[in-house]
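K.L.:
Build me a structure from this.
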Amino acid sequence: MIRLLLLILLVQALAGAADRPAEIRIGFATIGLQGQQRAALSPISTAHQLGLVDKAFAADGIRISWTFFKGAGPAVNEAIANGQLDVAWQGDLPAIVGRAGGLRTKIVAACGLRGNSYLVVPVASPAKSITDLVGKRIGMFKGTNLQLSVGKILAANHLTERDFRSINLDTSSGLAAMLAGEIDGLWGGLELHHLTNVGGVRILYDTRGADPVLTRQTHLLVTADFASAHPDLVQRLVDVVVRQAAWESDESHREELFRLWTESGFPIITFVSDFAGTALRDRQSPLIDPFLINQYRQSAATALAQKLIRTPVSIDGWFDPTYVERAVREQGLEKLWTTYGEDGKPVR
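P.N.:
Alright, predicted model coming up:
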């Protein structure tokens with residue numbers, strides 16, 4: 001009887017091992033400043049840097065592959081469509097475009113919230129406000145979550161993209177064009193601090209301290225097929241992300257965290273400035289709360305209105321908070337992060 005029981009357990013173990021993938025393929029909708037295979041700002045990027053995800057799956061012989069896409073969110077969508085990724089970190093607009101195009105994914109964690117947007121101009125520019133740039137050549141990486149943030153900012157100033165000579169430039173091309181004086185302004189993220197450090201440009205506008213609805217949100221998603229086939233592995237991954245998010249939410253780790261992120265190529269002053277006046281736990285929270293879901297719902301509506309997508313996108317059923325909720329509960333982190341309402345204000 002004992003031998004039969006042991007045989008059954010062995011067969012079950014072998015069957016479970018056979019069901020596990022040999023590799024989990026993770027993609028980032030970003031790349032380091034000079035092509036470094038590093039990212040910043042999110043718990044998953046730090047977990048990659050520290051080898052925490054690799055360690056979590058090593059005992060099962062599962063290899064983790066990491067790909068950083070210069071083409072950002074649109075390139076991640078293409079990789080998902082071609083069956084080349086299981087997991088991805090990206091922003092709202094590209095994920096919405098992917099969903100509109102039929103990509104079947106599940107958002108399983110917030111992973112870098114309230115990211116700032118910046119508009120820089122040459123130091124000698126006479127512009128004092130966004131409206132002073134109407135009709136000018138303005139660079140922006142379109143198709144990324146930056147585009148929706150900029151759209152909201154312009155709307156708040158009673159403007160639209162059509163009021164400018166908008167030029168689609170990826171991050172590196174935009175930086176080069178700005179330094180070469182080929183454009184009059186450039187929208188971007190914290191990478192624009194690199195230009196202010198180099199000299200020759202100044203920040204005309206940014207969202208630091210502004211209404212959080214104007215900021216940029218990023219997430220961790222998995223393909224629906226991977227989630228269906230391997231929910232236990234998704235949970236293990238989210239467990240790592242939540243544990244790392246808790247570490248990053250501790251203010252005593254602020255300097256150490258920023259120093260880790262410098263491996264992405266950006267100097268530490270970039271992160272110090274970008275996070276000034278902001279609680280780490282608000283930026284690094286993994287919670288899928290009403291604020292995050294509503295931001296994506298509004299972004300989907302904006303994308304349709306601006307004809308960035310051709311068909312409406314339903315947000316219902318896209319977010320699966322169960323993985324984060326379980327991780328938070330099992331790690332005893334229920335009191336660490338604040339849940340925010342749709343308006344960005346605390347609900348508890």
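K.L.:
where do the strands sit along the stretch 201-348 of the chain?
P.N.:
Applying DSSP state E, counting those that start in this stretch to the stretch 201-348 of the chain gives strands spanning 201-206, 218-223.
K.L.:
Can you tell me which of those strands is most buried?
P.N.:
strand 218-223 (a mean of 25; mean count of other C-beta atoms under 10 Å). Where you see a C-beta, it was placed from the backbone N, CA and C, and this is true even at glycine.
K.L.:
so what secondary structure elements neighbour it?
P.N.:
strand 87-91, helix 92-100, strand 105-110, helix 231-248 (3 or more C-beta pairs under 8 Å, 6 or more residues apart in numbering; DSSP states H and E).
K.L.:
Summarise which helices and strands the second one is packed against.
P.N.:
The elements that helix 92-100 packs onto, with contact taken as 3+ C-beta pairs under 8 Å, 6+ apart, are helix 72-81, strand 105-110, helix 145-156, strand 218-223, helix 290-305.
K.L.:
Kindly recompute the last result at 7 Å.
P.N.:
helix 72-81, helix 145-156, helix 290-305 (3 or more C-beta pairs under 7 Å, 6 or more residues apart in numbering; DSSP states H and E).
K.L.:
buried sites along the second one?
P.N.:
Neighbour counts using 16 or more other C-beta atoms under 10 Å place 145-154 of helix 145-156 among the buried residues.
K.L.:
ditto for the last one
P.N.:
Buried positions in helix 290-305, judged by neighbour count with 16+ other C-beta under 10 Å: 290-300, 302-304.
K.L.:
Could you do stretch 315-324 as well?
P.N.:
Buried, per 16+ other C-beta under 10 Å, within stretch 315-324: 315, 318-321, 323-324.
K.L.:
Of those residues, which belong to helices?
P.N.:
Of the buried residues of stretch 315-324, the ones assigned to helices by DSSP state H are 323-324.
K.L.:
Mind telling me the two of the buried residues of stretch 315-324 farthest from one another?
P.N.:
Using C-beta to C-beta, the pair of the buried residues of stretch 315-324 lying farthest apart is Ile315 and Tyr323, separated by 17.6 Å.
K.L.:
looking at the helices and strands packed on helix 92-100, which is closest to Arg114?
P.N.:
helix 290-305 (9.3 Å).
K.L.:
packing partners for the closest one?
P.N.:
Against helix 290-305 (3+ C-beta pairs under 7 Å, 6+ apart) you get helix 92-100, helix 145-156.
K.L.:
quick check: angle from the last one to strand 218-223?
P.N.:
For the pair helix 145-156 and strand 218-223, the angle between their directions (axes from the mean of the first three to the mean of the last three C-alpha atoms, to 10 degrees) equals 130 degrees.
K.L.:
Relative to the whole chain's centre, how far out is helix 145-156?
P.N.:
With C-alpha atoms, centre = their mean, to the nearest Å as the basis, helix 145-156 stands 16 Å off its chain's centre.
K.L.:
Residues contacting that helix, please?
P.N.:
Under the contact criterion C-beta atoms under 7 Å, 6 or more residues apart in numbering, helix 145-156 has outside partners 73, 91-93, 117, 140, 160-161, 187-189, 213-218, 299, 302-303, 306.
K.L.:
Could you do the shortest one as well?
P.N.:
The set of residues that contact helix 92-100 without belonging to it, under C-beta under 7 Å, 6+ apart, is 29, 73-74, 76-77, 80, 105, 143-145, 147-148, 217, 219, 221, 295-296, 299-300, 303, 308-309, 311, 313, 318.
K.L.:
now that helix: mean pLDDT?
P.N.:
The average pLDDT within helix 92-100 is 95.
K.L.:
lowest-pLDDT helix or strand in the chain?
P.N.:
Taking mean pLDDT, DSSP states H and E as the measure, the chain has helix 2-19 as its least confident helix or strand, at a mean of 48.
K.L.:
Past that one, which element shows up next along the chain?
P.N.:
strand 23-28 (DSSP states H and E).
K.L.:
Format the CA atom coordinates belonging to the helix or strand following that following strand as CSV.
P.N.:
With elements assigned by DSSP H and E, the helix or strand that comes after strand 23-28 is helix 43-50. Taking Å, rounded to 0.1, in the frame of the first residue of the first chain, the C-alpha atoms of helix 43-50 are listed here in CSV:
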residue,chain,number,x,y,z
PRO,A,43,9.6,46.6,-8.4
ILE,A,44,9.9,44.2,-11.3
SER,A,45,12.9,46.1,-12.8
THR,A,46,14.7,46.0,-9.4
ALA,A,47,13.8,42.4,-8.9
HIS,A,48,15.4,41.7,-12.3
GLN,A,49,18.5,43.6,-11.3
LEU,A,50,18.9,41.7,-8.0
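K.L.:
How far away from the center of its chain is helix 43-50?
P.N.:
Using C-alpha atoms, centre = their mean, the offset of helix 43-50 from its chain centre is 13 Å.
K.L.:
Show me where the stretch 201-348 of the chain dips below the pLDDT cut-off.
P.N.:
For the stretch 201-348 of the chain, applying pLDDT under 70 flags the ranges 348.
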